[in-house]
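**Student:** just coords:
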Ligand SMILES: [Zn+2]
């Protein structure tokens, strides 16, 4: 009986330790020097343990800014905005170009900017080239920072949006090098190549962003994609 009790205690302890380790990686509290994973590079296509490696950049500004470098991204650090009433940001950047496309985001967290650069370079551009034979030259956004709560859902109405900490990116559409504009609002539905492109790049975003919402999620997202790297996980 005593042996069974000890075994149960060991299993519970092991589970607790595992939980703490997973949470430490999830919230980015494992510094690079203690991480078993190599630092990310924008040159590499998506790799194993991508989420944990992105989260490591959250509290490590020098490492994050080193990753976010030319020619794959044009970005520079910005001053933090101290948190007040759940709004503000830390380790933020302004980023004007990622994966060869003009994206112009300011402010956005460095971790989000790296996820964005990886997604544009390794997913958006190859899909655009394959489907249209053209590169994406600009991604039109609908904002990153906004001191507000989550909208579109009664359940989350009292919860701060990831936009309140510049940890989110709303995308309206994509301009190709021939000037064609593919909009989430106008092209998401149907079976045209534009719709297939939007569905494909959205599906591929789910590895880089913990939350990747499309018009399929709810009416509040009928005209844009919402990507963030908060604590929740949703791909729809
Ligand atoms: Zn949003």
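**Tutor:** Yep, that arrived. Note that the coordinates shown come from a computational prediction; the quantities given were computed from them, not determined experimentally.
**Student:** pLDDT of the longest helix along the chain, averaged?
**Tutor:** Determined from DSSP state H, the single longest helix within the chain is helix 2-26. Mean pLDDT, computed over helix 2-26, is 87.
**Student:** name the helices or strands packed onto it?
**Tutor:** The contact analysis (3 or more Cβ pairs under 8 Å, 6 or more residues apart in numbering; DSSP states H and E) places helix 2-26 against helix 50-55. Using the backbone N, CA and C atoms, a C-beta is placed for each residue, glycine as well.
**Student:** list the buried ones in the longest helix of the chain?
**Tutor:** residue 25 (16 or more other Cβ atoms under 10 Å).
**Student:** Stretch 159-166 now?
**Tutor:** Buried-residue list, stretch 159-166, by 16+ other Cβ under 10 Å: 160-166.
**Student:** where does this protein come near the ion, residue by residue?
**Tutor:** By Cβ under 5 Å from the ion, the residues of the chain that approach the ion are 168, 170, 226.
**Student:** want to throw the buried residues of stretch 159-166 into TSV with secondary structure and pLDDT?
**Tutor:** Shown next, in TSV, are these (DSSP: H, G, I helix; E, B strand; the rest coil; pLDDT from 0 to 100):
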residue	secondary structure	pLDDT
160	strand	96
161	coil	96
162	helix	97
163	helix	98
164	helix	98
165	helix	98
166	coil	98
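**Student:** Would you tell me which one of those comes nearest to the ion?
**Tutor:** residue 163 (5.5 Å; Cβ to the ion).
**Student:** and the closest one, what does it touch?
**Tutor:** Listed by Cβ atoms under 8 Å, 6 or more residues apart in numbering, the contact set of residue 163 reads 143-146, 148, 170, 228.
**Student:** switch the cut-off to 6 Å
**Tutor:** Shown in contact with residue 163 (Cβ atoms under 6 Å, 6 or more residues apart in numbering): residue 146.
**Student:** Could you report the distance from it to residue 81?
**Tutor:** For residue 163, the distance to residue 81 equals 13 Å [Cβ to Cβ, to the nearest Å].
**Student:** quick one, strands of this protein?
**Tutor:** For the chain, the strands defined by DSSP state E occupy 73-77, 81-84, 87-89, 92-98, 101-109, 136-141, 168-176, 181-183, 211-213, 225-228, 234-235.
**Student:** Pipe the ones you listed into CSV and attach mean pLDDT per row.
**Tutor:** Written out in CSV, the entries for the strands of the chain read as follows (pLDDT from 0 to 100):
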stretch, mean pLDDT
strand 73-77, 97
strand 81-84, 97
strand 87-89, 98
strand 92-98, 97
strand 101-109, 97
strand 136-141, 98
strand 168-176, 98
strand 181-183, 98
strand 211-213, 97
strand 225-228, 98
strand 234-235, 94
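**Student:** out of these, deepest packed?
**Tutor:** Of the strands of the chain, the one with the most neighbours on average (mean count of other Cβ atoms under 10 Å) is strand 225-228, at a mean of 24.
**Student:** Just checking: what are the partner strands of that one?
**Tutor:** strand 168-176 (antiparallel), strand 211-213 (antiparallel) (DSSP bridges).
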